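K.L.:
Sharing a model that was predicted from the sequence below.
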Amino acid sequence: MIVAAAAYPLGFLSSWAEYEDKIAVWVQDAAGNAADLLVFPEYGAMELATLDGAEIAGDLEASLYAVSDRLAEADAVHARLAQEFGVHILAASGPTATQTRPANRARLFAPSGGFGVQDKQIMTRFERDIWRVEGGGPLCVFDTALGKIGVLICYDAEFPLLGRALADCDIILVPSCTEALSGYWRVRIGAMARALENQCVTVMSSLVGEAAWSDAVDVSTGAGGIFAPPDRGFPSDGVIAVGQIGAAGWTYAPVSLPDIAQVRADGVVLNKTHWTEQDGRDGDATNVCLR
């Protein structure tokens, strides 16, 4: 298959038709380059708040619910495009109202009409302390025609036990939104580590550019990237493909399920298999090594 990781810039939208056209152009472009799986970034849905005007888009609290109110319509657009172009699409995540506080939710669309959601598990300091976004539903494994797919939204990719919960996945998607270059590298290093541990492929997408109308996503730094275990059948540095920092567009790479199965069965190392040998070690040293 061909996977496509987005470096996606937010826009200030003048109409719903402009949003539909923007998403359609991105999907058509990827499909025209033979992509089978398209991955949009974390909080890319925040541009929907601009449809309610600059005052709402610039209000942290109001923008959460403005986006949530339009996600069903956005989902219909993605579902239609997935079927029209015969692709799987992970739509850009956005705040989704719950009975308490909004959750940060990504949605996966299949060309068959299948649909699933994945909520972010662990909130960053901004999300929990200022925006008061909460963790949502549990981690999911999506059994698709492209293999088993999991999603770790941005900060979630930095936690190995969350990655381990998706150990049966062939591909883990990492939609991200990071303000600073250091944030990009934290998530990228996490994505690469999850690929190493699980001997799978990870696909990182990023918001890029400026959105002065929002205090939440005003500056975003990142790039698309596709990563693998540095082992047989994959690049020695674990980087299948990576985009240029800050440059909007798709980053493409071929991904082979047989190659993933082979490295898991007969790699130079067998990280996925040997994971259980560290069970019971919670980080406390058991031996006094220096007296």
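P.N.:
Nice, I can see it.

K.L.:
ok, N104 touching T124?
P.N.:
No. In this structure, N104 is not within contact of T124 by CB atoms under 8 Å, at 9.7 Å. Heads up, the C-betas are built off the backbone N, CA and C, glycines and all.

K.L.:
out of these two, which sits in the more crowded spot?
P.N.:
For the pair N104 and T124, the greater number of neighbours falls to N104 (30 against 18), based on other CB atoms under 10 Å.

K.L.:
Contact partners for that one?
P.N.:
42-43, 93-96, 119-120, 123, 127, 133, 136, 153 (CB atoms under 8 Å, 6 or more residues apart in numbering).

K.L.:
Look at the residue lying closest to V268 once chain neighbours are set aside and give its secondary structure.
P.N.:
With CB to CB, 6 or more residues apart in numbering as the criterion, V268 has its nearest non-adjacent residue at 5.4 Å, and that residue is D231. Following DSSP: H, G, I helix; E, B strand; the rest coil, D231 is assigned to coil.

K.L.:
Helices along the stretch 151-291 of the chain, start to end?
P.N.:
160-165, 181-198, 257-266, 271-274 (DSSP state H, counting those that start in this stretch).

K.L.:
Rounded mean pLDDT for the last one, please.
P.N.:
Put plainly, it is helix 271-274. Mean per-residue pLDDT for helix 271-274: 95.

K.L.:
How about residues contacting it?
P.N.:
With CB under 8 Å, 6+ apart, helix 271-274 has contacts from A167, L196, E197, N198, Q199, C200, P229, R264.

K.L.:
from those, which is closest to A145?
P.N.:
The shortest approach to A145 among the contacts of helix 271-274 belongs to C200, at 17.3 Å (CB to CB).

K.L.:
who's in contact with that closest one?
P.N.:
Contacts of C200 by CB under 8 Å, 6+ apart are C169, D170, I171, I172, R194, A228, P229, I260, K272.

K.L.:
Can you say which of the residues you listed are buried?
P.N.:
C169, D170, I171, I172, R194, A228, P229, I260, K272 (16 or more other CB atoms under 10 Å).

K.L.:
So among these, where is pLDDT lowest?
P.N.:
K272 (95).

K.L.:
how much space is there between that one and F142?
P.N.:
Counting by CB to CB, to the nearest Å, the separation of K272 from F142 is 19 Å.

K.L.:
thinking again about what came up before, go ahead and confirm the residue nearest to V268 touches A265.
P.N.:
No. Using CB under 8 Å, D231 makes no contact with A265, being 11.5 Å away.

K.L.:
Of the two, give the one with the bigger neighbour count.
P.N.:
D231 (22 against 11).

K.L.:
show me what contacts the more buried one?
P.N.:
Q199, V263, G267, V268, V269.

K.L.:
quick one: contacts for the second one?
P.N.:
Looking back up the chat, that one is V263. Here V263 is in contact with Q199, P229, D231, R232, G233, F234 (criterion: CB under 8 Å, 6+ apart).

K.L.:
Include distance to L207 when you put those residues into JSON lines, please.
P.N.:
Below are the contacts of V263 laid out as JSON lines (distance: CB to CB, whole Å):
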{"residue": "Q199", "distance to L207": "29"}
{"residue": "P229", "distance to L207": "27"}
{"residue": "D231", "distance to L207": "31"}
{"residue": "R232", "distance to L207": "34"}
{"residue": "G233", "distance to L207": "31"}
{"residue": "F234", "distance to L207": "27"}
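
K.L.:
so where's the stretch 151-291 of the chain uncertain?
P.N.:
280-291 (pLDDT under 70).

K.L.:
50 instead?
P.N.:
Of all residues in the stretch 151-291 of the chain, none has pLDDT under 50.

K.L.:
got the residue ranges for the strands in the stretch 1-150 of the chain?
P.N.:
2-9, 37-39, 88-96, 103-109, 115-119, 142-144, 147-151 (DSSP state E, counting those that start in this stretch).

K.L.:
tilt between the last one and strand 88-96?
P.N.:
Computed with axes from the mean of the first three to the mean of the last three CA atoms, to 10 degrees, the direction of strand 147-151 lies at 20 degrees from that of strand 88-96.

K.L.:
count of neighbours near A110?
P.N.:
Neighbour number of A110 under other CB under 10 Å is 20.

K.L.:
Quick check: nearest residue in space to it, chain neighbours excluded?
P.N.:
H88 (5.4 Å).

K.L.:
Can you name the residues that contact the one you found?
P.N.:
Applying CB under 8 Å, 6+ apart, the residues contacting H88 are D36, L37, L38, A82, L108, F109, A110, P111, T144, A145, L146, I149.

K.L.:
mind redoing it with 10 Å?
P.N.:
By CB atoms under 10 Å, 6 or more residues apart in numbering, the residues touching H88 are 1, 3, 35-39, 82, 108-112, 114, 142, 144-146, 149, 173.
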